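Enquirer: structure for the following, please:
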Amino acid sequence: MSKFFIDTNVLIYANDPRDESKQTRAIQLIGDLVRSGEGVLSTQVLQEYAHAAMSKLGMAEEIVLRQIHLLEKLEVICQSPSMIRRAVEIRKTYGVQFWDACIIANAESAECDLIYSEDFNTGRYYSGIRVVNPFDE
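Expert: The predicted structure is shown next:
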């Protein structure tokens, strides 16, 4: 079975009505991955989402809690010390920001085939994992 890692920006767009086309695409993608059982995210993504949802989108804590509960239906990777070490290696190898390297390390640990994100170069491979910007499709 294929596995697809969801970056934080996809979760943010799913909850941000300011860009209706991105919101629609993000909601559709997350729903498809929940139904198929192929979606993966990490505790880092959940933390970043919760912070941005409350501070940037002004969402109420109760809504954020409900969203996190729903997102727990996806496979959730807990970041370990070995993944953090791997992120440092990935950062050096690819010259990406540390938090982006953590995303790659998490996706690698979960044996994902693809990362959905707009924060990387779409079509590029990192540690054998292809990145796709779901908003360019």
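
Enquirer: so which strand or helix has the closest residue to Lys56 other than its chain neighbours?
Expert: Spatial nearest neighbour of Lys56, excluding adjacent residues (Cβ to Cβ, 6 or more residues apart in numbering): Ile12 at 7.7 Å. For every residue, glycine as well, the C-beta is placed using N, CA and C. Assigned by DSSP states H and E, Ile12 belongs to helix 8-14.

Enquirer: over to Ile115?
Expert: Using DSSP H and E, Ile115 maps to strand 114-116.

Enquirer: contacts for that strand, please.
Expert: Contact with strand 114-116 is made by 2, 4-7, 10, 29, 103-104, 107, 126, 129-134, as judged by Cβ atoms under 8 Å, 6 or more residues apart in numbering.

Enquirer: among the residues you listed, name the buried ones.
Expert: Those of the contacts of strand 114-116 that meet the buried threshold are 4-7, 10, 29, 103-104, 107, 126, 129, 131-134, by 16 or more other Cβ atoms under 10 Å.

Enquirer: which among those gets closest to Glu38?
Expert: Nearest to Glu38 out of the buried ones among the contacts of strand 114-116 is Phe4 (Cβ to Cβ; 5.4 Å).
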